[in-house]
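# Below is the sequence, then the predicted model.
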Amino acid sequence: MGFPGTWMTTSETMVYRVVPKCACSTIGQIMHFSDHGRFYDGDIHDATEGLRKWAQEDSHGPIERVVRAHSALAFTCVRNPYTRVLSSFFDKICGIQRNGKRYRGQLVPLLIQKYGIEVGGEDGKGEFDQIASFRRFLLFARDTIRWKRPMEPDIHWSAMSGHISTFIVNGGRYDKIFFTETFNDGMQAVLDAVETPHPVNLAQIPRFNESEGHGPKRAHPVEAYFDDLSMHLVYEIYKRDFDLFRYDFENPANRMPVGEIDLDEVHAKLGD
């Protein structure tokens, strides 16, 4: 299986397991800058040079060699499951993607038909009941993850622990896992632990939120979207994420982690 979703600097200083909706655009651009002294011009997900990516055939050998030898610092980044799934909904379901089309072609029409979801019209800018539609989307997300229908689960709303585990199961080991919510502290700890060809001043790095502006603005505080039933669905889907990455399931309003991540526990529980 190898190391899907893994990016590495060309200088082989850092290995990063991408977790969608967890600052991956910013992290990728920082890695690119640390090697080349400049940002990639465009969405880093589209870059075919300047970074080693498992999705590119010629990167398999170098990534496999470095990960198995543990010769570069390996890290990833996580996010509160409540805000992550909400962000997925507004970006991927309600939003128009950077190619000017809806995400995954017929996905949104399917959701409108089968789950009664509204998305703000053709351009995603119309008024609609965000809370009702999001809760219906959660039912759909649960169906994809639990029963793989009406489709396979999508990487943007499948559990973080699932993404993170593939790296461990196939022979990798993380040196750091940090929180999107305390991004600068976590990313700085990674940078402090490696020698990069070009110095990175985090205070001067912009946030590369490639999904921003794709969809309608969130009209309510996070907690307004989650009633008892939707909290139950979220726990059913993301129980492992809450437990391993120390997020507060009881209070959707609290986006901050409530403890430190235990790397040994993560490796033990996700390495099965």
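Yep, that arrived.

# The helix-or-strand element of the chain with minimal mean pLDDT: what's the following helix or strand?
Across the helices and strands of the chain, mean confidence by mean pLDDT, DSSP states H and E is lowest for helix 107-115: a mean of 92. Sequence-wise, the next helix or strand beyond helix 107-115 is helix 130-147, with elements assigned using DSSP states H and E.

# That following helix packs against which elements?
Judged by 3 or more C-beta pairs under 8 Å, 6 or more residues apart in numbering; DSSP states H and E, helix 130-147 is in contact with helix 81-88, helix 107-115, helix 228-245. All C-beta spots, glycine's among them, are computed from the backbone N, C-alpha and C.

# could the ones you listed go into a markdown table alongside distance to S161?
Conversion of the helices and strands packed on helix 130-147 to a markdown table gives the following (distance: least, C-beta to C-beta, whole Å):
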| stretch | distance to S161 |
| --- | --- |
| helix 81-88 | 10 |
| helix 107-115 | 24 |
| helix 228-245 | 4 |
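
# show me what contacts the residue nearest the centre of the chain?
Nearest to the mean C-alpha position of the chain, by C-alpha atoms, centre = their mean, lies P20 at 2.2 Å. Residues near P20 by C-beta atoms under 8 Å, 6 or more residues apart in numbering: 88, 155-156, 163.

# Please, which helix or strand holds it?
In this structure, P20 sits in neither a helix nor a strand according to DSSP H and E.

# so who does R65 touch?
Applying C-beta under 8 Å, 6+ apart, we find R65 in contact with S71.

# From P153, how far off is the residue nearest to the centre of the chain?
Taking C-beta to C-beta, to the nearest Å as the measure, P20 falls 12 Å from P153.

# re the thing from before, output the helices and strands packed on helix 130-147 as JSON lines; include the columns mean neighbour count.
Compiled in JSON lines, these are given as follows (neighbours: other C-beta atoms under 10 Å):
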{"stretch": "helix 81-88", "mean neighbour count": "22"}
{"stretch": "helix 107-115", "mean neighbour count": "15"}
{"stretch": "helix 228-245", "mean neighbour count": "17"}
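
# Out of the ones you listed, flag the one nearest D46.
Across the helices and strands packed on helix 130-147, D46 has its closest neighbour in helix 81-88 (19.7 Å, C-beta to C-beta).

# any low-confidence regions in the chain?
Segments of the chain classed as low confidence (criterion: pLDDT under 70) are 210-214.

# longest single strand anywhere in it?
Ordering each strand of the chain by length in residues (DSSP state E) puts strand 73-78 first.

# Could you identify the buried members of the contacts of P20?
Buried positions within the contacts of P20, assessed by neighbour count (16 or more other C-beta atoms under 10 Å), are 88, 155-156, 163.

# For I145, which of the helices and strands packed on helix 130-147 is the nearest?
Taking C-beta to C-beta as the measure, these were each checked against I145, and helix 228-245 came out nearest at 5.5 Å.

# which other helices and strands contact the closest one?
With 3+ C-beta pairs under 8 Å, 6+ apart as the test, helix 228-245 has helix 81-88, helix 130-147, helix 160-169, helix 263-270 packed against it.
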